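**Student:** Using only what follows, build the 3D model:
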Amino acid sequence: MTTTIAATPSRDSAATGTLLVAGIVLATLTEAIAGTVLSLGRNDIIGDTYATPDEFAWLDVGYTALKLIGFMVAPWLMTRVNPRSLIIGSTLVMGTACGIAAITARLDLLVALRMIQGLCGGTLLVAGQATIFLTYPRSHQPILQALFAMGSVVAPATITPALQGWLVDSQSWTWIFFSVVPVALTAAGLLLIADGPWPGTAVRRPFDWIGLLLISVTLFCFAYVLSQGSRWLWLEEPRILWLTLIGAATLLAFLGQQVMAKGRGLLDFTLFKSEDFCFAFIVSFVAGAALFGSAYLIPSFAVTVLAFRPTDAGQLLLPSGAFFIGTLLLAAFLMQVRRVPPVATVPFGILMIMVAMWMLSGSTSESGADDMMAAILLRGLGLGFLFLSITLIAFSNLNNRNRASGIGLFNTGRQFGGLMGVAGLQTLIDHNVTANVAVLGASVTTGVPAVIERLTTTTAMLAARGMDGVAASRAATSLLGRVVTGQSTVIAFDTAFNAVALLFVIAAPVLVTIKIGLARYATKHHKLRSQNMRHPMPNSARSNNAELRPNTRTRDPAGDQESVAA
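**Tutor:** Have a look, this model is predicted:
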């Protein structure tokens, strides 16, 4: 579905190159702010829009589904529109949609604007990262991809929660949307000044509308199921069951339609000929679950258990952002200057995240920011080592013909991994809170001396403050019940932290096995090709095939490999 794109900037200038990268990073920052607006502003938006939880869910579902669709269609758009112009247009539309969202409280309009924001966000993420690969040689990619990750990964995971928490506490949720407007205008201005790659001459293929329809239904169904399933006890609710079946059926139909399209569909199957991309695509699910899952757990624990304000909860992750950025730059230095292979830092990233989650699993209701900070900082170090490595593993060996499709598919896997991780953790916490209340409640009975002493002391304290005896006794029992529920919630969150650590314990050997299997398959395939080259077909057969097969091999001026022009 994609075609060759050649990097041909009109001016070779370090200044314009810097402006290009800065503009792309700021453009991704608009998506980071808009994409995480519901994390801390949820309750305020519900109050101002008078929305029920079911109605409010569409703000989240619409954004996520359209963002995933944006990942899928961005590679095709890059063959029709100048990549720089595509980023500028997406960024300006994102800023406009956020500006309108800041001045309206109509729920239906907000849902439509969130869908526009999602589509623009997915498009500019793919186009921005692909543009960096197109414009600069492979030797410069580690540091450039580290800079790109600051806007696309670090910002939504650490920086924007702090900004949004402060805005919610000091102003209102509308200011979160307002803050996107100046960032979008600045990014568009920098990109207009900078130079960028231009599409090479290639045969344009028709758009796969059938494939888009099938995958859109699939993404909407799965986005709703994964984001709302825990509220409805999953498949026990007929709505969730039917959406799951419809999503699975349309996914199978989409895959079958893509195979029948024979290279003219949305999916580019040549991506899976790369051993590195296959491995990184599988890892993206695990990495997404770790990133989004831990980013959900830590602020939720701070707000739910520790009673932090949104500002304090957002700032809790802010110091880890500095460590995240520092590790990205360190990993980029090792890979670009010291020529360390990207896969070498993956074990360090996995180990650090595991240890960090294990440390957080010891948190209690008496914990504070200082008690959790060491683990949070260690998490930032681990994420920095992990994400740059899998990015370079995934895309470095792809050519300019299919790299944009690879970026879109990789981001889709990471997003789905994050959805599954958050959904699994929400379900685990809900079930554990109920189970822990039952277990702890069975031990807290009126016949236990410690319980009698606790109730007597609390009743006497309340009575001394002016309550009559009967009301004080009832209040003491209610307070004891709240303590039991609070402790059950703490245990449930600790279990969830342990679950993220155990995810890597289970996933690590599986990923190693997959890597070994892919390497052996690639070696076997290479040997077969070598044997075929040693024993070529007869000259007569080769000449006949040459007459039937046109010469479609062209040299890719922007990459290190040859690519097919059409």
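**Student:** Just the pLDDT for Met467.
**Tutor:** Listed pLDDT for Met467 reads 80.
**Student:** Could you do Ala546 as well?
**Tutor:** Per-residue pLDDT puts Ala546 at 44.
**Student:** Surely Thr250 and Phe222 touch.
**Tutor:** No. The pair Thr250 and Phe222 fails to qualify as a contact (C-beta atoms under 8 Å) at a distance of 9.6 Å. All C-beta spots, glycine's among them, are computed from the backbone N, C-alpha and C.
**Student:** what domains does the record give for the chain?
**Tutor:** 1-138+172-208, 210-265, 268-444+490-533 (automatic domain parsing).
**Student:** As TSV, those with distance to Ile452, mean neighbour count and mean pLDDT would be great.
**Tutor:** Converted to TSV, those look like this (distance: least, C-beta to C-beta, whole Å; neighbours: other C-beta atoms under 10 Å; pLDDT from 0 to 100):
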stretch	distance to Ile452	mean neighbour count	mean pLDDT
domain 1-138+172-208	38	21	84
domain 210-265	37	18	92
domain 268-444+490-533	11	19	88
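**Student:** Mind putting the ones you listed into a markdown table with distance to Val483?
**Tutor:** Shown next, in a markdown table, are the domains of the chain (distance: least, C-beta to C-beta, whole Å):
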| stretch | distance to Val483 |
| --- | --- |
| domain 1-138+172-208 | 24 |
| domain 210-265 | 25 |
| domain 268-444+490-533 | 9 |
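**Student:** now for those, which one comes closest to Thr458?
**Tutor:** Closest to Thr458 of those is domain 268-444+490-533 (C-beta to C-beta; 13.1 Å).
**Student:** Just the C-alphas of stretch 222-238, formatted as CSV.
**Tutor:** The C-alpha coordinates for stretch 222-238 follow below in CSV (Å, rounded to 0.1, in the frame of the first residue of the first chain):
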residue,chain,number,x,y,z
PHE,A,222,-11.9,-3.5,21.1
ALA,A,223,-11.4,0.0,22.3
TYR,A,224,-14.8,0.0,24.0
VAL,A,225,-14.3,-3.5,25.4
LEU,A,226,-10.9,-2.9,26.9
SER,A,227,-11.7,0.5,28.3
GLN,A,228,-15.2,-0.3,29.7
GLY,A,229,-15.1,-4.1,30.2
SER,A,230,-14.1,-3.9,33.9
ARG,A,231,-17.1,-1.8,34.7
TRP,A,232,-19.5,-4.4,33.3
LEU,A,233,-17.7,-7.6,34.6
TRP,A,234,-16.5,-8.3,31.1
LEU,A,235,-18.3,-11.1,29.3
GLU,A,236,-21.1,-11.3,31.9
GLU,A,237,-22.5,-8.2,30.2
PRO,A,238,-24.2,-9.1,26.8
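**Student:** What are the contacting residues of it?
**Tutor:** The contact list for stretch 222-238 (C-beta atoms under 8 Å, 6 or more residues apart in numbering) reads 53, 57, 60-61, 64-65, 68, 239-241, 243-244, 247, 416, 419-420, 422-423, 426-427, 430.
**Student:** Give the helix, strand or coil label for Asn397.
**Tutor:** Put simply, Asn397 is coil when judged by DSSP: H, G, I helix; E, B strand; the rest coil.
**Student:** surely it meets Lys273?
**Tutor:** No. If you go by C-beta under 8 Å, Asn397 and Lys273 don't touch, sitting 10.2 Å apart.
**Student:** now stretch 83-99: how far from the chain's centre is it?
**Tutor:** 20 Å (C-alpha atoms, centre = their mean, to the nearest Å).
**Student:** quick thing: my sequence starts at 26, can you match it?
**Tutor:** Okay, using 26 as the starting number, the last item reads as stretch 108-124.
**Student:** From the contact counts, what lies against the helix ranked longest in the chain?
**Tutor:** Longest helix in the chain by number of residues (criterion: DSSP state H): helix 494-559. Here helix 494-559 touches helix 300-329, helix 371-385, helix 428-468, helix 474-489, going by 3 or more C-beta pairs under 8 Å, 6 or more residues apart in numbering; DSSP states H and E.
**Student:** Taking helix 474-489 as reference, get the angle to the third one.
**Tutor:** So the one you mean is helix 428-468. Relative orientation of helix 428-468 and helix 474-489, computed by axes from the mean of the first three to the mean of the last three C-alpha atoms, to 10 degrees: 90 degrees.
**Student:** how far does helix 428-468 sit from the chain's center?
**Tutor:** Worked out by C-alpha atoms, centre = their mean, helix 428-468 lies 13 Å from the chain centre.
**Student:** State the distance from the residue nearest the centre of the chain to Ile128.
**Tutor:** Central residue of the chain (C-alpha atoms, centre = their mean): Gln440, 4.2 Å from the mean position. Relative to Ile128, Gln440 is positioned 29 Å away (C-beta to C-beta, to the nearest Å).
**Student:** before we move on, what about Ala305?
**Tutor:** 42 Å.
**Student:** now do Ala524
**Tutor:** 41 Å.
**Student:** got it, and Ala485?
**Tutor:** 55 Å.
**Student:** Thr437 contacts Val98, correct?
**Tutor:** No. Taking contacts as C-beta under 8 Å, Thr437 lies outside contact range of Val98: 11.4 Å.
**Student:** Now do the phi/psi pair for the residue lying closest to Phe245 once chain neighbours are set aside.
**Tutor:** Nearest residue to Phe245, sequence neighbours excluded (C-beta to C-beta, 6 or more residues apart in numbering): Ala90, at 4.6 Å. With angles defined as degrees, to the nearest 10, Ala90 sits at phi -60, psi -40.
**Student:** give me every residue that touches Ala90.
**Tutor:** Residues near Ala90 by C-beta under 8 Å, 6+ apart: Met140, Gly143, Ser241, Leu244, Phe245, Ala248, Tyr249.
**Student:** what about 10 Å?
**Tutor:** 83, 140, 143-144, 147, 241-249, 252 (C-beta atoms under 10 Å, 6 or more residues apart in numbering).
**Student:** Those residues in helices, which ones?
**Tutor:** Per DSSP H, the contacts of Ala90 map to helices at 83, 140, 143-144, 147, 241-249, 252.
**Student:** and of those residues, the nearest to Leu215?
**Tutor:** Nearest to Leu215 out of the ones in helices among the contacts of Ala90 is Gly147 (C-beta to C-beta; 21.1 Å).
**Student:** What's the separation between the residue lying closest to the closest one once chain neighbours are set aside and Gly146?
**Tutor:** Computed as C-beta to C-beta, 6+ apart, the closest residue to Gly147 that is not its neighbour in sequence is Gly95, at 2.3 Å. To Gly146, Gly95 is 7 Å away according to C-beta to C-beta.
**Student:** Report the set of residues contacting both of these two.
**Tutor:** Glu56, Ser115.
**Student:** that older thread, give me the common contacts of Thr437 and Val98.
**Tutor:** Common contacts of Thr437 and Val98, defined by C-beta under 10 Å, 6+ apart, comprise Gly147, Val151, Ile240.
**Student:** Just send these back as JSON lines, with distance to Pro335 too.
**Tutor:** JSON lines is the format used below for the shared contacts of Thr437 and Val98 (distance: C-beta to C-beta, whole Å):
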{"residue": "Gly147", "distance to Pro335": "27"}
{"residue": "Val151", "distance to Pro335": "31"}
{"residue": "Ile240", "distance to Pro335": "36"}
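**Student:** now Gly288, what's its secondary structure?
**Tutor:** Applying three-state DSSP: Gly288 is coil.
**Student:** Surely it and Arg426 touch.
**Tutor:** No. Applying C-beta atoms under 10 Å, one finds Gly288 not in contact with Arg426, separated by 11.3 Å.
**Student:** separation between the residue nearest to Met377 when sequence neighbours are not counted and Thr370?
**Tutor:** Closest residue in space to Met377, ignoring its immediate chain neighbours: Gly407 at 3.0 Å, by C-beta to C-beta, 6+ apart. Using C-beta to C-beta, Gly407 is found at 10 Å from Thr370.
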